[in-house]
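Novice: the following comprises the amino acid sequence and a computationally predicted model.
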Amino acid sequence: MRWRQLVSVPWLAKLIAGRQVAAAPAHSWKLFEVACDGRAAYRESHIPAAGYLDTLQFENAPLWNKVADAELLRVMEEAGIGPHTTMILYGRNTLAAARVAHLLLYAGVQDVRLLDGGFDAWCAAGQPLHRGDEQQSIVSVSHGAWPGSFPARPELLLDMDQTKKLLDDHQGTLVSIRSRAEFMGETSGYDYIAVRGEIPGALWGHAGRDGDVNHMGSFQLPDGRMKPAADIAAVWAEAGIHPHMHIAFYCGTGWRASLAFFYAWLMGWEHISVYDGGWLEWSSDPANPVVCRCDMP
């Protein structure tokens with residue numbers, strides 16, 4: 001279990017204040033708020049000591065897949081992120097933070113943590129907020145600082161060809177982290193995705209409320225904190241999803257799948273990855289097979 005990777009508001013408040021905490025970072029640490037085009041909100045109010053990362057630095061249109069590895073490395077170097085930097089992430093939408101957390105693990109950052117409940121949990125606890133941009137000390141990180149090749153954990157992310165091979169060779173299982181309406185093919189879930197349905201053979205890993213691609217009620221409490229691991233494992237077990245399986249999570253474009261990945265990783269599931277392109281990429285190729293359960297008799 002990796003429970004130190006899901007940090008609480010009191011723990012983070014103590015760390016920022018320079019007080020002793022359990023499972024303290026072994027090396028330097030950095031705190032970042034993560035959002036998509038959200039710097040204005042960050043400047044208005046953010047957790048003290050937090051810098052800002054934008055998902056637009058890590059993924060790009062039109063499919064919202066990960067940027068090229070050389071670009072990912074450049075972004076991390078400019079932010080002063082190295083393999084031994086303890087990265088603590090939070091978001092006003094935890095899915096954004098989870099998206100970047102997964103890519104940091106893929107890159108090879110050894111200690112990646114999420115604030116349980118995100119920005120809302122910090123505010124609900126009455127903790128202080130700062131305005132403006134934080135003046136962080138950015139230490140240049142060179143490519144040579146990364147052990148071996150970059151990325152260090154390429155197996156944590158699959159492209160479409162790798163996903164097809166996984167299915168064709170029966171090497172693993174695709175798990176759809178989408179709402180029931182999306183999984184059944186009643187809706188694509190997004191106004192910019194025309195095709196409804198799912199990838200044939202995918203198991204439904206659940207997500208949240210129909211009509212809201214940011215809702216993760218199957219995994220989170222109403223306040224946004226993670227549900228007990230046993231509750232999540234029970235939902236997955238009922239769907240035929242078990243920790244010994246080789247699993248590739250996917251969703252519409254990667255955010256929900258990244259949160260499911262991170263929770264499974266916290267729970268000690270080892271053979272897991274994210275299909276980066278998800279339903280947007282898969283459905284964009286008319287040659288790819290699609291199953292739409294809502295059209296079945």
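Specialist: Alright, I've got the coordinates.
Novice: hang on, isn't A50 packed against R92?
Specialist: No - using CB atoms under 8 Å, A50 is not in contact with R92; the gap is 11.7 Å. (Glycine included, C-beta is placed from N, CA and C.)
Novice: the two: which has the busier surroundings?
Specialist: A50 (25 against 18; other CB atoms under 10 Å).
Novice: so for the more buried one, what's the pLDDT?
Specialist: According to the prediction, A50 has pLDDT 96.
Novice: show me the shaky parts of the stretch 51-200 of the chain.
Specialist: For the stretch 51-200 of the chain, the stretches flagged by pLDDT under 70 are 136-145, 147.
Novice: please, where are all the strands along it?
Specialist: Using DSSP state E, counting those that start in this stretch, the strands of the stretch 51-200 of the chain run over 51-54, 59-60, 65-66, 86-90, 112-115, 157-158, 173-176.
Novice: closest to Q135 out of those?
Specialist: Closest to Q135 of the strands of the stretch 51-200 of the chain is strand 51-54 (CB to CB; 9.5 Å).
Novice: and that closest one, what does it pack against?
Specialist: The contact analysis (3 or more CB pairs under 8 Å, 6 or more residues apart in numbering; DSSP states H and E) places strand 51-54 against strand 29-35, helix 39-44.
Novice: burial of M267, as a residue count?
Specialist: Count around M267 with other CB under 10 Å applied: 18.
Novice: give the contact list for the residue nearest to A121 when sequence neighbours are not counted.
Specialist: Spatial nearest neighbour of A121, excluding adjacent residues (CB to CB, 6 or more residues apart in numbering): V9 at 5.3 Å. Contacts for V9 (CB atoms under 8 Å, 6 or more residues apart in numbering) come out as 115-117, 121-122, 125, 127.
Novice: look up how far W122 lies from V9.
Specialist: Separation of V9 from W122 (CB to CB, to the nearest Å): 6 Å.
Novice: anything in contact with each of those two?
Specialist: Common neighbours of V9 and W122, counting by CB under 8 Å, 6+ apart, are L115.
Novice: quick check: C123 touching L115?
Specialist: No - if you go by CB under 8 Å, C123 and L115 don't touch, sitting 11.6 Å apart.
Novice: what about these two, which has more around it?
Specialist: L115 (26 against 15).
Novice: contacts only, for that one.
Specialist: L115 makes contact with 7-9, 12, 88-90, 97, 121-122, according to CB under 8 Å, 6+ apart.
Novice: hmm, which of those are the buried ones?
Specialist: Buried members of the contacts of L115, counted by 16 or more other CB atoms under 10 Å: 7, 9, 12, 88-90, 97, 121-122.
Novice: so which of the contacts of V9 is the closest to G208?
Specialist: Proximity of the contacts of V9 to G208 was ranked by CB to CB; the top entry is G117 with 15.5 Å.
Novice: format the CA atom coordinates belonging to stretch 99-118 as PDB.
Specialist: Coordinates of each C-alpha in stretch 99-118 appear next as PDB, following Å, rounded to 0.1, in the frame of the first residue of the first chain:
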ATOM      1  CA  ARG A  99      -3.600  13.500 -15.000                       C
ATOM      2  CA  VAL A 100      -0.300  15.100 -14.300                       C
ATOM      3  CA  ALA A 101       0.500  12.800 -11.400                       C
ATOM      4  CA  HIS A 102       0.300   9.800 -13.700                       C
ATOM      5  CA  LEU A 103       2.600  11.400 -16.300                       C
ATOM      6  CA  LEU A 104       5.100  12.200 -13.600                       C
ATOM      7  CA  LEU A 105       5.200   8.600 -12.600                       C
ATOM      8  CA  TYR A 106       5.500   7.600 -16.200                       C
ATOM      9  CA  ALA A 107       8.500  10.000 -16.500                       C
ATOM     10  CA  GLY A 108      10.200   8.500 -13.500                       C
ATOM     11  CA  VAL A 109       9.500  10.800 -10.600                       C
ATOM     12  CA  GLN A 110       9.800   8.400  -7.600                       C
ATOM     13  CA  ASP A 111       7.600  10.200  -5.000                       C
ATOM     14  CA  VAL A 112       4.300  11.700  -6.400                       C
ATOM     15  CA  ARG A 113       1.500  12.600  -4.000                       C
ATOM     16  CA  LEU A 114      -2.000  13.900  -4.300                       C
ATOM     17  CA  LEU A 115      -3.800  16.100  -1.700                       C
ATOM     18  CA  ASP A 116      -6.900  14.100  -0.800                       C
ATOM     19  CA  GLY A 117     -10.000  16.300  -1.500                       C
ATOM     20  CA  GLY A 118      -7.900  18.900  -3.300                       C
END
